[in-house]
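[1] following is a predicted model, sequence given first.
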Amino acid sequence: MGLDEDALEYHEREPPGKLEIATTKPTNTQRDLSLAYSPGVAAPCREIDADPEKAYRYTAKGNLVGVVSNGSAVLGLGDIGAQASKPVMEGKGVLFKRFADIDVFDIELDQNDVDAFVESVAAMEPTFGGVNLEDIKAPECFEIEQGLRERMDVPVFHDDQHGTAIISGAGLINALDVVGKDIGDVDITISGAGASAIASAKFYVSLGASKENITMCDSTGVLTEERARNGDLNEYKAEFARDVPESSLADAMTDADVFIGLSAPDIVSPEMVRSMADDPIIFAMANPDPEIGYEAAKNARDDTVIMGTGRSDHPNQVNNVLGFPFIFRGALDVRATGINEEMKVACAKALAELAREDVPDQVVKAYGDQPLQFGPEYIIPKPVDPRVLFEVAPAVAEAAIDSGVARKDIDLEAYRERLEARLGKSREMMRVVLNKAKSDPKRVALGEGDDEKMIRAASQMVEEGVAEPVLIGDADTIHATIDDLGLAFDPDIVDPEEADYDEYAERLYDLRKRKGVTESEAAELVRRDPNYLGSVMVEKGDADALLTGLTHHYPSALRPPLEVIGTAPDAEHVAGVYMLTFKNRVIFCADTTVNTDPDEEVLAEIAEHVAALARRFNVEPRVAMLSYSNFGSVETEGTQKVAAAAERLRDDPTVDFQVDGEMQADTAVVEEIVEDTYDFTELDGPANCLVFPNLEAGNIGYKLLQRLGGAEAIGPMLTGMDEPVHVIQRGDEVKDIVNLAGVAVVDAQEEDDE
């Protein structure tokens with residue numbers, strides 16, 4: 001089945017199309033319906049009638065964008081009309097929702113008259129918080145956008161004009177940095193003189209380019225003042241006419257530093273690339289086929305050629321989805337009256353800055369594990385990078401506030417955190433912990449400190465201020481990796497091969513000499529096994545916490561800290577806990593990694609551990625002791641030990657959290673079951689801490705919840721140790737390491753407070 005057949009099947013699959021309306025409030029009871037519609041709806045109507053601004057408070061207007069088109073210039077298809085453009089507009093709605101959590105109504109207008117189009121869209125202002133114009137041909141698109149901006153008091157943005165300009169502008173900023181050229185000095189040749197080309201030229205001027213250094217060509221040749229005088233150019237093209245003799249695109253590219261292609265495929269030859277200045281920048285963005293192929297441009301000459309296209313199968317894709325969702329997100333959230341040049345420049349600069357930062361593992365995996373590092377092959381962030389939302393939207397919002405078009409002021413730091421929470425409950429929960437960690441960072445020893453992921457994680461810990469990492473490993477390897485990755489930090493390194501760590505060997509010997517470890521063996525363990533060295537560092541107080549396990553099996557990574565640090569004074573056992581986050585709830589699962597078949601005493605201790613951990617995330621624990629029985633319905637050795645553990649906890653006057661059991665999993669998490677059948681339970685709501693009867697059940701249960709329930713998993717977090725220690729799972733990503741470092745720091749902070 002070819003691409004066309006796949007696409008048709010995708011669009012016609014039930015329900016047809018790509019968008020639907022979903023309710024955001026409960027509609028289960030008669031009272032719910034009376035609040036949603038009549039008679040309850042009258043109250044917000046009266047409030048909005050008295051104060052129209054309250055529409056943002058009582059309706060979805062503040063998060064609703066109209067994607068409007070007449071289908072007169074659909075990318076790659078031309079003038080196909082309003083009806084045929086609907087799949088494109090629905091697709092635009094999908095991107096708004098997927099990348100910035102913005103809702104969309106797609107509006108296809110069968111209207112080509114500029115004044116009538118403007119009148120129709122302006123009349124819909126009460127509906128929308130913003131309007132995204134799409135696929136409207138030039139020059140009408142300029143007139144329509146200008147007319148709507150004058151008529152409407154909400155953001156109006158023609159993405160075909162400005163999207164390409166902004167994203168290519170971000171790439172241009174970074175490309176010029178890579179080749180060491182100044183934007184004010186470079187000669188720019190643009191092939192194409194339509195909406196996106198003219199908007200791009202204007203935007204490059206806003207970024208600092210000299211208008212006199214921009215040469216624009218249409219299908220006839222260079223835009224010249226002579227052609228403008230002869231009436232050959234419309235007013236928009238005429239703005240970029242130059243006082244030069246008539247010439248061709250090939251002439252215009254000679255000695256040019258930058259080529260911008262927004263025209264037609266295969267019109268640039270390798271010879272034309274060779275005629276350009278040293279280290280040329282080529283953005284060939286005709287879709288689906290560029291003005292010159294990627295390989296042809298790169299192979300045309302021996303010096304640095306920075307090449308970008310509109311295609312996803314080559315580096316440096318100029319993709320509008322990096323712009324419009326986040327521009328509208330920032331504009332909507334400060335209730336901007338429009339999207340101005342300052343906001344567009346802020347977007348481009350934020351994107352350019354983001355491309356210089358270390359790339360998350362999930363983004364690298366999405367692109368086939370190919371290295372993504374700032375340089376000629378990576379000057380523009382990838383669309384799937386989740387950081388774009390909380391880097392670009394705040395920059396746009398801040399620019400709106402500073403330039404005076406915002407009607408609402410916001411705390412930008414708190415706003416970043418709210419945006420991050422839109423990406424999932426796990427980010428919201430981790431932000432609680434990471435903010436605590438930043439208030440008093442602690443020294444965290446990283447047991448496999450010469451591993452690339454550990455080094456990248458250490459860099460992020462320093463950048464975010466959540467911890468003071470100590471990398472245990474070969475110093476030369478660590479420094480070389482830092483250089484290769486282009487990271488800008490100078491970490492604390494403990495290299496067992498370079499320094500004298502006799503005191504650590506002596507301490508390990510003292511701790512383990514009656515456990516079969518000789519003095520020479522202790523010295524060898526400290527020198528050869530970073531887990532022992534890191535454990536002794538923490539035990540002696542030279543580090544506050546330890547992370548390890550990235551390249552070890554869990555049991556072998558856990559053994560050294562258990563032998564050296566041991567359990568806390570009030571604990572006999574440790575346990576592994578995963579925090580699972582769903583859209584609107586969070587559940588802590590224990591024990592998922594350590595205790596194979598715990599008895600009632602161990603189960604009770606695990607429950608106390610998981611309750612304490614939940615509180616570190618500002619979650620008031622409701623603990624369910626799980627089994628396949630509900631409150632004595634089945635009596636076996638297995639169910640009785642769970643019931644006994646629950647009773648032990650309920651009878652303990654020092655236990656200050658809700659706990660009950662034994663109970664089945666659905667009883668624990670479904671409120672209606674408890675209310676209708678087991679109203680005697682000690683829990684006043686669904687359980688958020690699940691204690692499994694054994695390791696087999698715990699490991700199976702959390703993985704099923706994660707995979708089939710769509711939960712994100714954070715962990716495993718080790719509880720019950722005398723000092724903060726967490727064993728990373730092999731294959732964890734950098735963000736997982738940073739998250740566990742934050743948990744470890746908060747653990748250390750709490751120990752300081754005790």
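    Looks like it came in fine.
[2] mean confidence score for stretch 171-191?
    Average pLDDT, stretch 171-191: 96.
[3] can I get it in PDB, CA atoms only?
    Output of stretch 171-191 as PDB, limited to C-alpha atoms (Å, rounded to 0.1, in the frame of the first residue of the first chain):
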ATOM      1  CA  GLY A 171      18.200  28.700  11.600                       C
ATOM      2  CA  LEU A 172      19.900  31.700  10.000                       C
ATOM      3  CA  ILE A 173      21.000  33.000  13.500                       C
ATOM      4  CA  ASN A 174      22.700  29.800  14.300                       C
ATOM      5  CA  ALA A 175      24.100  29.100  10.800                       C
ATOM      6  CA  LEU A 176      25.800  32.400  10.800                       C
ATOM      7  CA  ASP A 177      27.200  31.700  14.300                       C
ATOM      8  CA  VAL A 178      28.600  28.400  13.100                       C
ATOM      9  CA  VAL A 179      30.400  30.000  10.100                       C
ATOM     10  CA  GLY A 180      31.400  33.100  12.000                       C
ATOM     11  CA  LYS A 181      29.600  35.700   9.900                       C
ATOM     12  CA  ASP A 182      27.600  38.700  11.000                       C
ATOM     13  CA  ILE A 183      24.000  39.100   9.800                       C
ATOM     14  CA  GLY A 184      24.400  42.700   9.100                       C
ATOM     15  CA  ASP A 185      27.200  42.000   6.600                       C
ATOM     16  CA  VAL A 186      26.000  39.000   4.600                       C
ATOM     17  CA  ASP A 187      24.600  39.000   1.100                       C
ATOM     18  CA  ILE A 188      21.200  37.100   0.900                       C
ATOM     19  CA  THR A 189      19.700  35.900  -2.300                       C
ATOM     20  CA  ILE A 190      16.100  34.800  -2.200                       C
ATOM     21  CA  SER A 191      14.400  32.700  -4.900                       C
END
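[4] tell me the buried residues in it?
    For stretch 171-191, burial by neighbour count (16 or more other CB atoms under 10 Å) applies to 171-176, 178-179, 181, 183, 186-191. C-beta: built from backbone N, CA, C; applies to glycine.
[5] distance from that stretch to the middle of the chain?
    Relative to its chain's centre, stretch 171-191 lies at 28 Å (CA atoms, centre = their mean, to the nearest Å).
[6] what's the answer for stretch 674-683, then?
    For stretch 674-683, the distance to the chain centre is 40 Å (CA atoms, centre = their mean).
[7] what does it contact?
    622, 624, 630-631, 650, 658-660, 663, 667-668, 686 (CB atoms under 8 Å, 6 or more residues apart in numbering).
[8] got the contact list for residue 161?
    By CB under 8 Å, 6+ apart, the contact list for residue 161 reads 141-142, 145, 195-196, 198-199.
[9] okay, it and residue 574: tell me how far apart.
    Using CB to CB, to the nearest Å, residue 161 is found at 59 Å from residue 574.
[10] next one: residue 704
    Note on residue 704: its distance to residue 574, by CB to CB, is 24 Å.
[11] if we can go back for a sec, hmm, which two among the contacts of stretch 674-683 are most spread apart?
    Checking the contacts of stretch 674-683 against each other with CB to CB, the farthest-apart pair comes out as 650 and 686, at 18.5 Å.
[12] which of these two has more neighbours?
    Between residue 650 and residue 686, residue 686 has the larger neighbour count (other CB atoms under 10 Å), namely 17 against 13.
[13] assumed the more buried one was part of a strand.
    No - according to DSSP: H, G, I helix; E, B strand; the rest coil, residue 686 belongs to no strand; its state is coil.
[14] unless I'm mixing things up, it is touching residue 670, no?
    Yes - counting by CB atoms under 8 Å, residue 686 does reach residue 670; the two are 6.7 Å apart.
[15] per-residue confidence at the nearest residue to residue 222 once chain neighbours are set aside?
    What sits nearest to residue 222 in space, not counting adjacent residues and going by CB to CB, 6 or more residues apart in numbering, is residue 247, at 5.0 Å. As predicted, residue 247 sits at a pLDDT of 92.
[16] can you check residue 563 too?
    91.
[17] swap in the one 10 residues further on?
    Reading off the confidence values, residue 573 has pLDDT 92.
[18] what of residue 552?
    For residue 552, the model assigns a pLDDT of 82.
[19] helix/strand/coil for it?
    Going by three-state DSSP, the secondary structure assigned to residue 552 is coil.
[20] centre-most residue in the protein?
    residue 386 (1.6 Å; CA atoms, centre = their mean).
[21] surely that one and residue 360 touch.
    Yes - between residue 386 and residue 360 a contact is recorded at 7.2 Å, counting by CB under 8 Å.
[22] re the thing from before, out of the contacts of residue 161, who has the most neighbours?
    Tallying neighbours with other CB under 10 Å puts residue 196 at the head of the contacts of residue 161, with 27 neighbours.
[23] quick one, what contacts that one?
    160-161, 163-165, 262.
[24] helix or strand: which one has it?
    Using DSSP states H and E, residue 196 maps to helix 195-207.
[25] next secondary structure after that helix?
    strand 214-217.
[26] mind giving me the packing neighbours of that following strand?
    strand 188-191, helix 195-207, helix 249-253 (3 or more CB pairs under 8 Å, 6 or more residues apart in numbering; DSSP states H and E).
[27] give the buried residues for that strand.
    Under 16+ other CB under 10 Å, the buried positions of strand 214-217 are 214-217.
[28] and of those residues, the nearest to residue 548?
    In terms of CB to CB, no member of the buried residues of strand 214-217 lies closer to residue 548 than residue 214, at 55.7 Å.
[29] dump the residue contacts of the closest one.
    188-190, 201, 204-205, 240.
[30] how about 10 Å then?
    By CB atoms under 10 Å, 6 or more residues apart in numbering, residue 214 lies in contact with 186-190, 200-202, 204-205, 223, 240, 242, 258, 260.
[31] quick check: bridge partners of it?
    Taking DSSP bridges, one obtains residue 188 as the residues bridged to residue 214.
[32] domain-wise, how is the protein divided?
    Residue ranges of the domains in the chain are recorded as 3-154, 162-312, 322-423, 435-564, 575-720, according to automatic domain parsing.
[33] relative to residue 740, which of those domains is closest?
    domain 435-564 (5.9 Å).
[34] first-to-last residue distance for the closest one?
    End-to-end span of domain 435-564 (CA to CA, to the nearest Å): 30 Å.
[35] and it, how far out from the chain middle?
    Computed by CA atoms, centre = their mean, the chain-centroid distance of domain 435-564 equals 29 Å.
[36] ok, the nearest residue to residue 403 once chain neighbours are set aside to residue 402 distance?
    Nearest in space to residue 403, with sequence neighbours left out and distances taken as CB to CB, 6+ apart, is residue 342 at 4.2 Å. Computed as CB to CB, the residue 342 to residue 402 distance reads 7 Å.
[37] higher neighbour count, those two?
    residue 342 (17 against 12).
[38] that one sits in which helix or strand?
    Following DSSP H and E, one finds residue 342 within helix 341-354.
[39] and that helix, what's its mean pLDDT?
    For helix 341-354, mean pLDDT rounds to 96.
[40] returning to what we had before: now, the most widely separated pair of the buried residues of stretch 171-191?
    178 and 191 (22.4 Å).
[41] hey, C-alpha coordinates of the next helix or strand after the helix holding residue 342 in PDB?
    Next helix or strand after helix 341-354 toward the C-terminus (DSSP H and E): helix 361-366. Taking Å, rounded to 0.1, in the frame of the first residue of the first chain, the C-alpha atoms of helix 361-366 are listed here in PDB:
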ATOM      1  CA  ASP A 361      17.200  11.300  24.700                       C
ATOM      2  CA  GLN A 362      13.600  10.900  23.700                       C
ATOM      3  CA  VAL A 363      14.200  13.300  20.800                       C
ATOM      4  CA  VAL A 364      17.400  11.500  19.700                       C
ATOM      5  CA  LYS A 365      15.500   8.200  19.800                       C
ATOM      6  CA  ALA A 366      12.700   9.700  17.700                       C
END
